[in-house]
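> Structure for this input, please:
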Amino acid sequence: PADFAVYVQAWEWVRDGQNPYLHELRPLSPFKYSPAILRMIGLLPSEPAQAWAFFSSFCIMSLMASLVIGASYRSWKKVWLLGVGLLLAWKGILETLDYGQLELIILFIAVSAAALVRRYPFFAGLLVGTLPWIKLPWIALGLPLLLACRDKKRRMLISGFLLSCFIW
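Prediction:
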């Protein structure tokens, strides 16, 4: 896939000592993520076909985990509505996989942070703090999570967020 090929090629450039952010080398789809994404791509197998198989499997598992973590299945009606939602979103899910984008992994991180925010705000902050370093607009998720916390827990969420930003 096109976007995944950009990640792999950028990692190969870094491995060879080149700058992955040079737009002249790939003007139509340049690499535009943080360096930490390159490190994660570097953890994949070196063979592109194997790397894609691992990455796509991880994306599908992330989507399934998001559905398990983020939804409550207290009645068959909710299960049915989730199925309808999946059917309506299916084209977008397939396009995300076709291009090799990171959105399903981002969704898993966001849903996990939202699930943890009330009981473990520090860990929720760690998770939500990774999102802006993958894609900057996801920083907006921090506001609803801040509103979901009370005073002391709000400080813990912010501490986790800042620590995550420092790590990235």
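> Look at Ala51 and say how many residues are nearby.
Residues near Ala51, counting by other Cβ atoms under 10 Å, number 19. No exception for glycine: its C-beta is placed from N, CA and C like everyone else's.
> Isn't it up against Pro45?
Yes: between Ala51 and Pro45 there is a contact under Cβ atoms under 8 Å: 5.0 Å.
> Which secondary structure state does Ala36 sit in?
The local conformation at Ala36, judged by DSSP: H, G, I helix; E, B strand; the rest coil, is helix.
> Nearest spatial neighbour of it, chain-adjacent residues omitted?
Leaving aside its sequence neighbours, Ala36 sits nearest to Trp168 (Cβ to Cβ, 6 or more residues apart in numbering; 5.4 Å).
> Within the helices and strands, which one has the residue nearest the centre of the chain?
In the chain, the residue lying closest to the centroid (Cα atoms, centre = their mean) is Ile106, at 2.0 Å. Using DSSP states H and E, Ile106 sits within helix 103-116.
> Specify the local secondary structure of Ser29.
Going by three-state DSSP, the state assigned to Ser29 is coil.
> Tally up the residues packed near the spatially closest residue to it that is not a sequence neighbour, please.
For Ser29, ignoring the flanking residues on the chain, the nearest one in space by Cβ to Cβ, 6+ apart is Val6 at 5.2 Å. Val6 has 21 neighbours, counted by other Cβ under 10 Å.
> Phe55 now?
By other Cβ under 10 Å, the residues close to Phe55 number 22.
> which residues does it contact?
4, 44, 100 (Cβ atoms under 8 Å, 6 or more residues apart in numbering).
> can you check Ile105 too?
Neighbouring residues of Ile105 by Cβ under 8 Å, 6+ apart: 58-59, 62, 134.
> Please, where are all the helices along the protein?
For the chain, helices defined by DSSP state H occupy the ranges 2-15, 35-42, 48-70, 76-99, 103-116, 121-134, 142-148, 151-167.
> Now distance to Leu22 and mean pLDDT too, for the ones you listed, in CSV please.
Shown next, in CSV, are the helices of the chain (distance: least, Cβ to Cβ, whole Å; pLDDT from 0 to 100):
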stretch, distance to Leu22, mean pLDDT
helix 2-15, 8, 85
helix 35-42, 14, 84
helix 48-70, 21, 91
helix 76-99, 22, 89
helix 103-116, 25, 92
helix 121-134, 21, 90
helix 142-148, 32, 84
helix 151-167, 26, 87
